[in-house]
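K.L.:
Provided below for reference: sequence and predicted model.
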Amino acid sequence: MTIDWNDTFAKRALKLTASEIRELLKLINQPDIISFAGGIPDPAFFPYDNMAAAYAKIFADPKKRAEALQYSISEGYTPLRQWIAEHLATLGIATHADNILILNGSQQALEFLGKLFIGPGDRIIVTNPAYLGALQAFSLYEPEYVTVTLDETGLDMKALAREFEKGAKFLYLTPDFGNPSGVTLSLEQRKALLDLAYRHNIPVIEDTAYEKLRYDGAAVPSLLSLDTSRLNESAPLSDPTSNGHVIYCGTFSKSIAPALRIGWVIAPTPVVQKLVLMKQASDLHVSTLNQMVMHEVVQEIIDSHTAKLRDVYRARRDAMLAALEKYMPAGVTWTKPEGGMFVWATLPPHLDGAALLAASIEKERVAFVPGAAFFPDRSGRNTIRFAFSLVPPEKIEEGVKRLARLIGEISAAAA
C-alpha cells in the first residue's frame, strides 16, 4: 500500500505552485530563443576579479578563514551590517546595525515576514500587479489578498485609503521601478501613503531590490527615509527605525551578484527580534564566508560598479522602448520606466498573454512572462512583462520586431 502524499501534506502545502518565471528561465539556455523572461543581471558584468581577490584575502588570513568557515550569529556578520547602516545613512536613512538582519536574499525576508504576520484569512494589501515572488511567499500562509491598482500614474490612492480604513496586517509594495510594472511612486504618493499608515497603524513592507538601478530623473526618498525623518522631527532618536512603521527589504542580488544570496531587512526592534528567532529555527545564519566576501567587495566597488551597470542597462532599456515605439501595432501600450529591469505592456483585450507566449515561442522564438502571474486573482490576462537586463540592444530590437509581427498577425486574424 502506498502513501497518498496529498492527504498527508498540511493543507497549506497544497497551495504551493510553480513559478512561471522560474520555469521560463530554462528557455534562456536555448541559443535560438530571445528571452525577455528573466529579470536577472547580466553575468558578463559580475565583479569576478573583486570577488576572487576577496576570497583570496580571507583565506590568506588564518583568523579570517577560521571565522569564515565557522558557525556565526544569526543576525549576520557585524561589519557588513555596520557597513549597510553607514551606506544607508548617505541615502537619508538613519538606522543602526542592531536593526539590520542579514538573510538569504530579500526573498527570505518576504517569506519570514509572511510567516510572522499572516494567519489564515488575514487581510494584506498588495499592488495590482505585484511581484510574483512576494505572492508566492505570502500565499503559503493563506491571506486574503486586497489589491490596489498600480499603473504609470502610480497607486490608486482613493482605493488605498478605503482599504486602509478596513484594516490590514500590512501593505507590501516596491516603490522604485517595481517588478513587474517598472513604475516609481512619486514623493507625494509616498508621503500620502505613510500618512495613511500612521493614521490606521498599519505596517508597510518596502521592497527596494532595484533601488541602485535608476537611469533617469532625480532619486525619490525611500519610504523608510521618510519614516525615520518624520520620527526624528517629532522626537529625536539615536535609531528611529526602532519605532517606525516601515520594514525595509534590501539586497545585493541586482547590484553585485545574486548567487551569494545576501539580502537584509531593516525593521523595528520587536520585529527584528522575532525574525532573528525565525532565522535560528530555519537555517541558523547566512553563509559567513559569503557575507565576509560581500563586505570586502562592496567597500571597494559599490558606487563604481553600479554606475557601470546603470550605463549598460540604460542602453538596453532605451533600445527596448525605441523598438516598442517602432514596431508595436496600435492597441499595445507600455510603461516607460526610469530604472530597474522591466517594461510592462498591455495588449488589446482580445489577446491572452499565455496564449501569445506559446505562439511566440513556437513561431518567433521570443519569450516573455504573461502578466496574469502577477495578479493574485489571475486577472490581467492581456498583460505581459518584458525584462531587458540580459539582452543586448541588437537582440532586443529583433525580439520586439518578431513579437510585434506576431501580435499584428493574430489581431488581423481576429478582426
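P.N.:
On my side now, so go ahead.

K.L.:
ok, residues contacting stretch 198-207?
P.N.:
With Cβ atoms under 8 Å, 6 or more residues apart in numbering as the test, stretch 198-207 has contacts from 106, 110, 113, 117, 125, 131, 134, 164-165, 167-175, 193-194, 196-197, 222-224, 227, 245-249. In short, each C-beta sits where N, CA and C put it, glycine included.

K.L.:
Give me the average confidence score over that stretch.
P.N.:
When pLDDT is averaged along stretch 198-207, the result is 96.

K.L.:
what comes up buried for that stretch?
P.N.:
Neighbour-count burial for stretch 198-207, counted by 16 or more other Cβ atoms under 10 Å, picks out 202, 203, 204, 205, 206, 207.

K.L.:
The third one bridge partners, please.
P.N.:
Beta-bridge pairing for residue 204 (DSSP bridges): residue 171, residue 246.

K.L.:
gap between it and residue 194?
P.N.:
Residue 204 is 7 Å from residue 194, where distance means Cβ to Cβ, to the nearest Å.

K.L.:
which neighbours do these two share?
P.N.:
Here residue 204 and residue 194 have 223, 227, 245, 246 as joint contacts, going by Cβ under 8 Å, 6+ apart.

K.L.:
burial of residue 343, as a residue count?
P.N.:
When neighbours are counted by other Cβ atoms under 10 Å, residue 343 registers 24.

K.L.:
so what's it closest to, chain neighbours aside?
P.N.:
Excluding its sequence neighbours, the residue lying closest to residue 343 (Cβ to Cβ, 6 or more residues apart in numbering) is residue 386, at 4.5 Å.

K.L.:
and that neighbour, that's in a strand?
P.N.:
Yes - applying DSSP: H, G, I helix; E, B strand; the rest coil, one finds residue 386 inside a strand.

K.L.:
That one and residue 147, how far apart?
P.N.:
Using Cβ to Cβ, residue 386 is found at 22 Å from residue 147.

K.L.:
likewise residue 304?
P.N.:
Distance, residue 304 to residue 147, using Cβ to Cβ: 40 Å.

K.L.:
ok, which pair from the shared contacts of residue 204 and residue 194 is furthest apart?
P.N.:
223 and 245 (8.7 Å; Cβ to Cβ).

K.L.:
of these two, who's got more company?
P.N.:
residue 223 (28 against 19).

K.L.:
For residue 404, give me its contacts.
P.N.:
Counting by Cβ under 8 Å, 6+ apart, residue 404 touches 324, 327, 328, 329, 332.

K.L.:
Could you do residue 151 as well?
P.N.:
By Cβ under 8 Å, 6+ apart, the residues touching residue 151 are 181, 183.

K.L.:
measure it to residue 284 for me?
P.N.:
Taken as Cβ to Cβ, the span from residue 151 to residue 284 is 42 Å.

K.L.:
what does residue 343 give?
P.N.:
On the measure of Cβ to Cβ, residue 343 and residue 284 end up 40 Å apart.

K.L.:
Burial check on residue 2, number of neighbours?
P.N.:
Around residue 2 there are 4 other residues, counting by other Cβ under 10 Å.

K.L.:
cool, and the one 5 residues further on?
P.N.:
Other residues lying near residue 7 total 6 when counted by other Cβ under 10 Å.

K.L.:
can you tell me the helix or strand for it?
P.N.:
Taking DSSP states H and E as the definition, residue 7 sits inside helix 5-8.
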